[in-house]
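Novice: Fold the following and give me the result.
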Amino acid sequence: MAANGNGRVNLANRGAGRNGLAKIQTQTRQNGICHDDSAPPVKAQTIDELHSLQKKKSAPTTPINGTQGAFAAISDEERQKQQLQSISASLASLTRETGPKVVKGDPARQSETPKVSHVSHHDYFAPTISVSDSSLKFTHILCNLSPAELYEQAIKYEKGSFITSSGALATLSGAKTGRSPKDKRVVRDDTTEDDLWWGKGSPNIEMDEHTFMVNRERAVDYLNSLDKVFVNDQFLNWDPENRIKVRIVSARAYHSLFMHNMCIRPTPEELENFGTPDFTIYNAGQFPCNRYTHYMTSSTSIDLNLARREMVILGTQYAGEMKKGLFSVMHYLMPKRQILSLHSGCNMGKDGDVALFFGLSGTGKTTLSTDHNRYLVGDDEHCWSQNGVSNIEGGCYAKCIDLSREKEPDIWNAIKFGAVLENVVFDEHTREVDYADKSVTENTRAAYPIEYIPNAKIPCVGPHPKNVILLACDAFGVLPPVSKLSLAQTMYHFISGYTALVAGTEEGVKEPQATFSACFGAAFIMLHPTKYAAMLAAKMQKHGATGWLVNTGWSGGSYGSGSRMKLAYTRKIIDAIHSGSLLEADYKKTSVFGLEIPTEVKGVPSEILDPVNTWSDKKAYKDTLLKLAGLFKSNFEGFMTHKIGKDDKLTGEILAAGPIV
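Specialist: Below is the predicted model of the structure:
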C-alpha cells in the first residue's frame with residue numbers, strides 16, 4: 001500500500017481489491033451542529049479502498065455481588081458440559097432436533113482441540129478434514145475471551161484491525177458506519193400487538209413471525225458454517241434485582257470486544273452459574289439478508305422478536321446496532337416491572353444527590369454529566385426503579401470526532417488498551433489517531449469499560465434523582481438558559497424531546513431546523529411516549545425531583561446573528577441546580593412558553609437569563625419565538641390522541657403546559 005512522505009496513505013493509489021464490496025451509494029451529509037449515530041454509507045467501493053481510508057493484563061471485571069447460583073455445588077466438568085449444551089441450544093437450527101456440535105477453542109490450534117463428550121452420549125473428535133456440511137463439522141466457540149485474546153484474534157484474522165499508539169484497538173465496521181433505523185424491525189404478534197407503539201411517528205417497523213424465523217435461520221446457518229464464533233455471556237442493568245442475562249453470538253472479535261466493554265462483565269463465579277440467557281443476539285455481521293424475503297427493503301435487517309427474546313442482525317457490521325437493540329429491549333422489559341428506562345446521562349454528588357441529563361446529540365449531555373466534582377453513574381442508558389437509579393451498561397460509547405485531550409480529558413485517557421476505536425484514521429507509522437479526520441465517517445466512536453473513567457461510581461447505582469435536566473441546543477436563540485419546570489411542563493418537554501440543528505452551510509442556508517425526538521430517544525422506545533412520560537412524572541412526584549429546561553444553544557439571536565451560550569455559564573447553572581441554590585432564587589414567567597426563569601444565578605450575567613434582553617431586534621425575537629412555539633404545537637399534535645391518566649385529566653394538563661400561540 002503506497003504512502004506519502006509523511007507516513008499517511010496516498011489515497012490516490014487505490015487499487016481494486018479482492019472481496020470487493022458492492023457499489024455504495026453516497027449522500028451529502030449536512031454540516032449540522034448535532035448528529036446522531038445513523039450515518040451515510042462510506043465513500044469506498046472495495047474493502048481495500050475502505051482499508052486505505054482508515055490508515056493515516058485483562059480488563060477489570062465489574063462484579064455484582066449476589067447469592068450463589070443453583071449450580072454452585074456441581075463439578076467443573078459438569079458445569080462446562082452445561083455451558084456447552086446451553087450454547088449448542090442457542091445455535092440450534094429449527095430444522096434439526098439438536099444444536100451443532102460445539103467445542104471450545106480456536107480452530108487454528110487444532111492439536112489443542114479437546115475430545116468432546118458433553119454434547120451427546122457419544123464421543124466426538126474434531127475432524128481432520130475440511131467438511132462443508134454443518135452437520136458433519138464442529139462449531140468452535142470462543143467463549144468470554146479476555147481483551148488480550150480478542151486483540152490477537154482481531155489483528156490476526158480481521159483486516160483493518162490495528163493497535164493504535166494509545167493501546168486501543170482500531171477497527172472498521174465495513175460499509176455501514178452508523179445505525180440503519182429504517183432496517184430495524186419488530187415482530188408484531190400476540191405479545192406486542194397491544195403493548196407496542198405502532199403507526200405514524202413510531203420507530204417500530206413491523207414484521208411477522210415467519211419472516212423473523214427465515215432471517216434467524218439464515219443467521220444461525222451462517223454462524224454454524226464458520227470455523228469459529230465468539231460468544232459473550234453478560235448482564236444488563238447494575239440493579240441486581242432486575243438485571244438481565246444476555247448472550248451475544250458473533251462472527252467478529254471486534255464485536256465480541258465491543259460488547260465485552262458495553263455490557264456488564266460477570267465475575268468468574270457469575271459466569272460459572274450463568275445458565276440460560278434471558279435474551280440472545282445472533283450477529284451475522286456482513287452476511288446479508290435475502291432481499292426477496294417479505295418485508296426486506298435492503299440487504300440489511302435488524303430484527304427483534306420479544307416473544308422469543310431474540311435479536312438477529314444481517315447485513316451490517318456496525319456494532320452500535322447491538323448496543324441500541326438491547327436498549328430497545330430494556331425499553332420494553334423494564335416498564336413491565338414498573339421500572340422506567342431512560343436515554344440519559346446520570347451523575348451523583350458526594351452527598352448522594354443524583355441528577356439525570358436528557359438531551360439529543362450535540363446538546364452537551366456527555367459534557368455536562370461528566371463532572372470532576374461528581375461521580376459518573378453512566379453516560380447514556382439508565383433505569384429508575386423502586387431502588388433508585390442504575391446504569392444499564394458496563395461501558396461508554398463516546399463520539400470521537402474532533403476529540404481533544406484539553407476538551408475531554410476523561411474520554412481521551414479512557415482510549416487505551418481494551419478500548420475499541422471504530423472507523424478512525426491514524427498515521428501509518430506512529431499509529432497516532434487523527435480525530436479530526438472524517439475520511440471514513442463523521443461518526444467515529446470509542447467503546448471502553450466505565451472503570452476507565454476515574455470518577456465512575458462502581459457499582460453504577462444511586463439513590464432516587466433529585467433533579468431531572470432536559471437539555472436543548474436551541475439554534476433559534478429564544479429559549480432561556482435555564483427554566484424551572486412544573487410537572488406537566490416536564491412531561492410536555494420530555495415528550496417533545498426538542499433541539500435545533502443548523503442547516504448545511506454549503507448552499508448558504510443558515511436557517512435553524514427544529515428536530516423533535518420523543519423522550520429524547522425516539523429511535524429506541526417501544527411503548528407510546530406518553531407512557532414513559534407518565535412514569536417519569538409519577539416517580540418525580542413520589543421522590544420530590546425537580547424538572548429543569550437548560551438551553552445550551554444560542555443567545556442574542558438565532559444561529560448566524562447570535563452567539564453560542566458560553567459553556568462556563570451553563571456549568572454555573574448546572575452547579576446551582578446541583579447545590580439546590582437555584583430553587584431559592586426569585587422567578588418570573590415568560591410569555592408564550594410560560595417558563596419560570598430565575599432573575600439571578602451566581603456567576604451568570606443577569607441580562608442573559610431572559611433571552612429578550614439579548615436581542616437587539618425585539619420584533620425579530622417575538623417572530624422567532626412564535627415560530628418555534630408553532631413548531632412545538634405542530635409536533636405535539638401527533639400525541640394528542642393518546643389518552644393517559646384517570647378521566648384523561650393528565651392529557652389535558654400536559655397540553656396546557658405547552659406554548660400558547
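Novice: Spit out the contact partners of the nearest residue to Val420 once chain neighbours are set aside.
Specialist: Closest residue in space to Val420, ignoring its immediate chain neighbours: Ala447 at 4.5 Å, by CB to CB, 6 or more residues apart in numbering. Using the backbone N, CA and C atoms, a C-beta is placed for each residue, glycine as well. By CB atoms under 8 Å, 6 or more residues apart in numbering, the contact set of Ala447 is 258, 261-262, 319, 395-398, 419-420, 422.
Novice: So which of those residues sit within helices?
Specialist: Judged by DSSP state H, the subset of the contacts of Ala447 located in helices is 258, 261-262.
Novice: Specify which member of the residues you listed is nearest to His528.
Specialist: Closest approach between these and His528, by CB to CB: Met262, at 27.5 Å.
Novice: What about the closest residue to that closest one other than its chain neighbours, how many residues nearby?
Specialist: Closest residue in space to Met262, ignoring its immediate chain neighbours: Gly395 at 4.5 Å, by CB to CB, 6+ apart. By the measure other CB atoms under 10 Å, the count of residues near Gly395 is 32.
Novice: Would you check how far apart Gly395 and Thr267 are?
Specialist: Per CB to CB, to the nearest Å, Gly395 is found 16 Å from Thr267.
Novice: So, low pLDDT: which residues of the stretch 551-661 of the chain?
Specialist: Residues of the stretch 551-661 of the chain that meet the criterion pLDDT under 70 lie in 642-650.
Novice: can you check the stretch 401-550 of the chain too?
Specialist: Those would be 502-510, if you go by pLDDT under 70 across the stretch 401-550 of the chain.
Novice: for the residue nearest to Val420, helix, strand, or coil?
Specialist: strand (DSSP: H, G, I helix; E, B strand; the rest coil).
Novice: separation between it and Gly201?
Specialist: Relative to Gly201, and taking CB to CB, Ala447 is found at 30 Å.
Novice: out of everything not next to it in sequence, what's closest to Gly364?
Specialist: Nearest to Gly364 is Thr552, by CB to CB, 6+ apart, at 4.5 Å.
Novice: which residues does the one you found contact?
Specialist: Thr552 neighbours (CB under 8 Å, 6+ apart): 359, 363-364, 368, 471-473, 565, 567, 570.
Novice: Those, buried ones only, as a PyMOL selection?
Specialist: Here is the PyMOL command that selects the buried residues among those (16 or more other CB atoms under 10 Å):
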select buried, resi 359+363+364+368+471+472+473+565+570
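Novice: Just the contacts of Thr552: which are in strands?
Specialist: Judged by DSSP state E, those include 471-472 as members of strands.
Novice: Just send the contacts of Thr552 back as a markdown table, with distance to Ala585 too.
Specialist: Listed next are the contacts of Thr552 as a markdown table, based on distance: CB to CB, whole Å:
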| residue | distance to Ala585 |
| --- | --- |
| Gly359 | 23 |
| Thr363 | 23 |
| Gly364 | 22 |
| Leu368 | 20 |
| Leu471 | 20 |
| Ala472 | 20 |
| Cys473 | 24 |
| Met565 | 18 |
| Leu567 | 21 |
| Thr570 | 16 |
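Novice: between the contacts of Thr552, which is nearest Asp233?
Specialist: Closest to Asp233, out of all of these and judged by CB to CB, is Gly359, at 33.0 Å.
Novice: now the end-to-end length of stretch 287-303.
Specialist: 14 Å (CA to CA, to the nearest Å).
Novice: who wins for neighbours among the contacts of Ala447?
Specialist: Gly395 (32 neighbours).
Novice: show me the contacts for that one.
Specialist: 261-263, 447-450.
Novice: could you list every residue that touches Gly359?
Specialist: Residues in contact with Gly359 (CB under 8 Å, 6+ apart) are 345, 365, 470-473, 499, 520, 552.
Novice: scratch that, Asn613 is what I was asking about
Specialist: Glu607.
Novice: tell me the centre residue of the protein?
Specialist: Centroid-nearest residue in the chain, with CA atoms, centre = their mean: Lys324, separated by 4.5 Å.
Novice: pLDDT at that one, what is it?
Specialist: Here, the pLDDT recorded for Lys324 equals 97.
Novice: Wasn't it part of a helix?
Specialist: Yes. Judged by three-state DSSP, Lys324 forms part of a helix.
Novice: and the closest residue in space to it that isn't next to it in sequence, what does it touch?
Specialist: Nearest residue to Lys324 in three dimensions, chain neighbours excluded: Phe524, at 5.8 Å (CB to CB, 6+ apart). Under the criterion of CB under 8 Å, 6+ apart, the neighbours of Phe524 are 203, 324, 327-328, 331, 343.
Novice: sec struct for Phe524, please.
Specialist: Classification of Phe524 using three-state DSSP returns coil.
Novice: Kindly report the same for the one 10 residues further on.
Specialist: Using three-state DSSP, the three-state assignment for Ala534 comes out as helix.
Novice: what about Ala148, how many residues close to it?
Specialist: Number of residues near Ala148 (other CB under 10 Å) recorded here: 12.
Novice: rewinding a little: which single one of the contacts of Ala447 is nearest to Asn455?
Specialist: Cys396 (12.6 Å).
Novice: which residues touch the closest residue to the closest one other than its chain neighbours?
Specialist: In space, and not counting its chain neighbours, Cys396 is closest to Asp379: 4.8 Å by CB to CB, 6+ apart. By CB under 8 Å, 6+ apart, Asp379 lies in contact with 345, 365-366, 369-370, 396-398, 450.
Novice: again, only using 7 Å
Specialist: By CB atoms under 7 Å, 6 or more residues apart in numbering, the residues touching Asp379 are 345, 366, 369, 396.
Novice: Using a markdown table, please lay out those together with distance to Lys619.
Specialist: Below are these laid out as a markdown table (distance: CB to CB, whole Å):
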| residue | distance to Lys619 |
| --- | --- |
| Gly345 | 38 |
| Thr366 | 37 |
| Ser369 | 38 |
| Cys396 | 45 |
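Novice: which one of those residues is nearest Ile608?
Specialist: Using CB to CB, those come closest to Ile608 at Ser369, 23.0 Å.
Novice: what helix or strand is the closest residue to Met526 other than its chain neighbours on?
Specialist: Spatial nearest neighbour of Met526, excluding adjacent residues (CB to CB, 6+ apart): Tyr332 at 4.2 Å. Here Tyr332, judged by DSSP states H and E, is contained in helix 320-333.
Novice: does Thr216 really touch Leu314, like I thought?
Specialist: Residue 216: Arg, not Thr. No. Arg216 lies out of contact with Leu314 (CB atoms under 7 Å); the separation is 9.6 Å.
Novice: out of the two, which sits in the more crowded spot?
Specialist: Neighbour totals were compared for Arg216 and Leu314, and Leu314 leads with 26 against 21 (other CB under 10 Å).
Novice: so that one bridges to which residues?
Specialist: Under DSSP bridges, the beta-bridge partners of Leu314 are Ser301.
Novice: which SS class is Lys416?
Specialist: coil.
Novice: residues contacting the residue lying closest to Thr590 once chain neighbours are set aside?
Specialist: Distance criterion CB to CB, 6+ apart; nearest residue to Thr590, sequence neighbours excluded, is Ile597 at 6.0 Å. Ile597 makes contact with 480, 482-483, 587-588, 590, 609-610 under the criterion CB under 7 Å, 6+ apart.
Novice: next one: Ile495
Specialist: 518-519, 529-530, 533, 639.
Novice: Can you mark which positions in the helix or strand it falls within are buried?
Specialist: With elements taken from DSSP H and E, the one containing Ile495 is helix 487-496. Going by neighbour count (16+ other CB under 10 Å), the buried part of helix 487-496 is 487-496.
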